[in-house]
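In: Please find the sequence and the predicted model below.
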Amino acid sequence: QVQLVESGGGLVQTGDSLKLSCAASGGTISTYFMSWFRQAPGKEREFVARIRWSDSSTYYADSLKGRFTISRDDVGNTVYLQMNSLKPGDTAVYFCAATELMTIVPRLYDYWGQGTQVSVSS
């Protein structure tokens with residue numbers, strides 16, 4: 001059983017940067033794909049970025065490519081999401097999730113964190 005705990009959210013201004021962390025524990029994640037999703041009030045959960053733990057290959061939502069960067073740290077079993085040039089439209093709860101499938105479909109993810117709030121003021 002894998003546990004995921006996100007941290008790093010907060011209130012920032014337009015144009016600021018923020019780095020989210022997702023610490024994984026309780027299981028082996030070497031075969032997993034780790035992803036970030038976000039969900040704004042009244043909207044569906046949206047895929048943000050994915051990293052394959054075994055080779056660090058990445059995949060991004062087209063609309064966020066270039067502003068957001070996903071990475072991982074072997075030592076701490078942690079996945080990061082570096083977010084630059086933040087906009088009010090980035091305001092959402094950001095979730096970390098894990099799956100053994102190469103997918104961006106939320107229902108196919110096995111493990112989820114509790115989420116961390118990111119709010120961007122104009």
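Out: Perfect, thanks for sending it.

In: so residue 115 sits right up against residue 94, yeah?
Out: Yes. Residue 115 lies in contact with residue 94 (CB atoms under 8 Å); the separation is 6.5 Å. Bear in mind the C-beta positions are built from the backbone N, C-alpha and C, glycine included.

In: Now do the contacts for residue 64.
Out: The contact partners of residue 64, by CB atoms under 8 Å, 6 or more residues apart in numbering, come to 48, 49.

In: Quickly note the distance from it to residue 73.
Out: 21 Å (CB to CB, to the nearest Å).

In: Spatially nearest residue to the residue nearest to the spatial centre of the chain (excluding sequence neighbours)?
Out: In the chain, the centroid-proximal residue (CA atoms, centre = their mean) is residue 36; its distance is 2.2 Å. Leaving aside its chain neighbours, residue 36 sits nearest to residue 48 (4.2 Å; criterion: CB to CB, 6 or more residues apart in numbering).

In: I'd guessed the one you found sits against residue 40; true?
Out: No. Look at residue 48 against residue 40 with CB under 8 Å: they stay out of range, at 11.8 Å.

In: These two - which one has more neighbours?
Out: residue 48 (24 against 14; other CB atoms under 10 Å).

In: Please give me every residue in contact with the more buried one.
Out: 35, 36, 37, 38, 60, 61, 64, 68, 70, 81, 94.

In: hey, C-alpha coordinates of the helix or strand where it lies in PDB?
Out: Element membership for residue 48, per DSSP states H and E: strand 46-52. Provided in PDB are the C-alpha atoms of strand 46-52 (Å, rounded to 0.1, in the frame of the first residue of the first chain):
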ATOM      1  CA  GLU A  46      -7.300  17.700 -14.800                       C
ATOM      2  CA  PHE A  47      -4.000  16.000 -15.700                       C
ATOM      3  CA  VAL A  48      -1.000  18.200 -15.200                       C
ATOM      4  CA  ALA A  49       2.200  16.100 -15.600                       C
ATOM      5  CA  ARG A  50       3.600  12.600 -15.300                       C
ATOM      6  CA  ILE A  51       7.000  11.000 -14.600                       C
ATOM      7  CA  ARG A  52       8.000   7.400 -15.000                       C
END
